[in-house]
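Participant: Need coordinates for the following:
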Amino acid sequence: MNVARPPKRRSPLRWPAGFSSLGHRDFRLLWFGALISNVGAWLQVVAQGWLVLQLANSAFILGLVSAVGTVPIMILPLFGGVLADRVDRRVLLLIAQWVTMVLTLIMAYMTAYHSITIPAMLVLVLCIGISSALSSPAWQAFISDLAPKHDLLNAIALNAAQFNVARVLGPALAGTLIVLVGIAGCFLLNGLSFLAVIVALHAMRLPRRTRPALTASPWQSLREGVRYAAHHAEARAVLVLGTVHTIFGMPFMVLMPLFARDVFHGKAGDLGALLSGMGVGAVGGALLTARLGTMRRKGLFILGSEVVFALSLVLFALMPNQLTAMVALAFVGFWMVSFFATSNMVLQILSGEEYRGRMMALWTIASWGIGPVGSIWAGAYAAHYGAPAAVIFGAMVCLAAAVGMTALSPLLRIL
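Facilitator: Predicted coordinates for the structure are as follows:
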């Protein structure tokens, strides 16, 4: 069982209300370390895409490399959740950071010496995806170890904010850095960025924690976690809504190049502008959610966020030009992050400490791992009816799910 925790250390500085969780030293260390690491990760994404095109000049190979990196997220988080509930989460995260750093530096070395090949990239990307899938539940559950309950929503929202700040900064820096230091240099910078999280994890002053005795096998623990979520009405509703959101709402991201090129008749720079508009809105949504830390009716806020997100998607699909589309995408990003951050926080509150890792594993799959399913239907639908029609169809499904869940889940409405 867990040992008693001493009060979490707070910074002597007074942080603004929207940043209150940064007053906790250990969370502050993780937040700044993760921001640096995520900027590096986006450098990797952009540079990796350029490298694949240089090696193969094939859209199919480009998609294949991306798919290989995401396939582990569809299944392995379940086992990562079991690990997160059985072992020290900080140790698990340290192992994952070291492993991923080494794999990234290998890719940098092979690229620098022109020995990288598509098969080698597929192996490295797959291994990085496996490491991420197994550690993601521990990463999300670890936030509750660093911030007390009254600051948990703020911590989760600020975690989303740093990710979206990195999503804006990383690609913007990547174009310049590819010219200055090359693709291998971008890989090297990403590899070194993992040190920020590693140093932060080592510098934390967490009390020693013990996990419950291993009375069940990993398979039994996995089934217990799934059964726990399935029989918890509010958690089940949030997971179902998150799955629908990911499959039908998120494919607009996959279709963005089609909007930039075919709908708005732009170029690669215009795609970056559209994504930046969404990123700015996403940061705003995270900061707003961070200020709502102790709000009541969180379930109703989740449902309302999904409704406005769906309507914003329809608005985006109907926009006549790129400028108005960027404004609509800011609303899309705002409510998308509001939905994800609040849903994450509610699931962490609903799950007891002994189930938190497995609950976060299910949320990882619902909010991320199931994404390729949405990419497949959206691509096929857009090929026949166009990208705007595909986005509108997906938005209507999300809207129907939110309205239906509002009617069918009274416990979620009053949560």
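
Participant: Residue 57: how many residues sit nearby?
Facilitator: Neighbour count for residue 57, taken as other Cβ atoms under 10 Å: 9. The C-beta positions use only the backbone N, C-alpha and C, and glycine is treated the same way.

Participant: Kindly provide the distance from it to residue 125.
Facilitator: 18 Å (Cβ to Cβ, to the nearest Å).

Participant: same check, this time on residue 239
Facilitator: Residue 239 is 28 Å from residue 125, by Cβ to Cβ.

Participant: Tell me which of these two has more neighbours.
Facilitator: In this view residue 239 and residue 125 are compared by other Cβ under 10 Å, and residue 125 has more residues nearby, 24 against 21.

Participant: What helix or strand is the more buried one located in?
Facilitator: Residue 125 belongs to helix 118-146 when assigned by DSSP states H and E.

Participant: Quick check: what element follows that helix along the chain?
Facilitator: Following helix 118-146 in sequence, per DSSP H and E, is helix 152-203.

Participant: Tell me which other helices or strands that next one touches.
Facilitator: Applying 3 or more Cβ pairs under 8 Å, 6 or more residues apart in numbering; DSSP states H and E, one finds that helix 152-203 contacts helix 25-56, helix 89-112, helix 118-146, helix 268-291, helix 322-350.

Participant: low-confidence ranges in the chain?
Facilitator: The model of the chain has pLDDT under 70 over residues 1-18, 59, 63, 164, 168, 207-217, 268-269, 292-295, 411, 413-415.

Participant: For it, list the residue farthest from the centre, please.
Facilitator: residue 113 (32.6 Å; Cα atoms, centre = their mean).

Participant: Check the gap between that one and residue 107 for me.
Facilitator: Distance from residue 113 to residue 107, by Cβ to Cβ: 11 Å.

Participant: wait, doesn't residue 282 sit right on residue 337?
Facilitator: Yes. Contact criterion Cβ atoms under 8 Å: residue 282 and residue 337 qualify, at 4.5 Å.

Participant: circling back: JSON lines please, covering the helices and strands packed on helix 152-203 and showing distance to residue 196.
Facilitator: Supplementary listing: these in JSON lines, determined by distance: least, Cβ to Cβ, whole Å:
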{"stretch": "helix 25-56", "distance to residue 196": "4"}
{"stretch": "helix 89-112", "distance to residue 196": "9"}
{"stretch": "helix 118-146", "distance to residue 196": "14"}
{"stretch": "helix 268-291", "distance to residue 196": "20"}
{"stretch": "helix 322-350", "distance to residue 196": "22"}
